[in-house]
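Here is a sequence together with a model predicted from it:
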Amino acid sequence: MNEPTPRRKITHVSPRVAQLYAALSEKTVARDLAALEAAQLVVREGEIVMPNFDLVLELLPMRAKRS
């Protein structure tokens with residue numbers, strides 16, 4: 001999920017996500033999105049869901065500078 005995604009298409013953002021959610025209910029998807037939003041890892045604007053890249057980048061470990 002690298003771009004804004006309509007909520008109804010969230011389970012199709014990648015083959016891995018589609019496989020993980022194939023047998024799960026819509027309630028599970030909604031619950032998981034709510035948890036991601038509570039952790040500020042995604043941002044919702046109406047029915048659109050987007051990754052919160054600012055926070056995700058802050059959580060990544062720093063890379064050593066090459067000399």
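The structure has been received and is ready for your questions.

can you give me how far the helix or strand encompassing A35 is from the chain middle?
Here A35 sits within helix 26-38, counting by DSSP states H and E. Distance of helix 26-38 from its chain centroid, counting by C-alpha atoms, centre = their mean, to the nearest Å, is 10 Å.

Now the element after that helix, going C-ward?
Scanning forward in sequence from helix 26-38 by DSSP H and E, the next helix or strand is strand 42-45.

if we can go back for a sec, return the set of buried residues in the helix holding A35.
By neighbour count on 16 or more other C-beta atoms under 10 Å, the buried set for helix 26-38 is 29, 33, 36. For the C-beta atoms, the positions are set from N, CA and C on the backbone; glycine is no exception.

Extract the CA atoms of stretch 20-31 and return them as PDB.
Provided in PDB are the C-alpha atoms of stretch 20-31 (Å, rounded to 0.1, in the frame of the first residue of the first chain):
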ATOM      1  CA  LEU A  20      -4.000 -13.400   4.500                       C
ATOM      2  CA  TYR A  21      -7.500 -11.900   4.400                       C
ATOM      3  CA  ALA A  22      -9.100 -14.400   1.900                       C
ATOM      4  CA  ALA A  23     -10.900 -16.400   4.600                       C
ATOM      5  CA  LEU A  24     -11.500 -13.600   7.000                       C
ATOM      6  CA  SER A  25     -14.600 -11.500   7.500                       C
ATOM      7  CA  GLU A  26     -15.100  -7.800   6.700                       C
ATOM      8  CA  LYS A  27     -15.300  -7.200  10.400                       C
ATOM      9  CA  THR A  28     -11.700  -8.500  10.800                       C
ATOM     10  CA  VAL A  29     -10.500  -6.100   8.100                       C
ATOM     11  CA  ALA A  30     -12.300  -3.200   9.800                       C
ATOM     12  CA  ARG A  31     -10.900  -4.100  13.200                       C
END
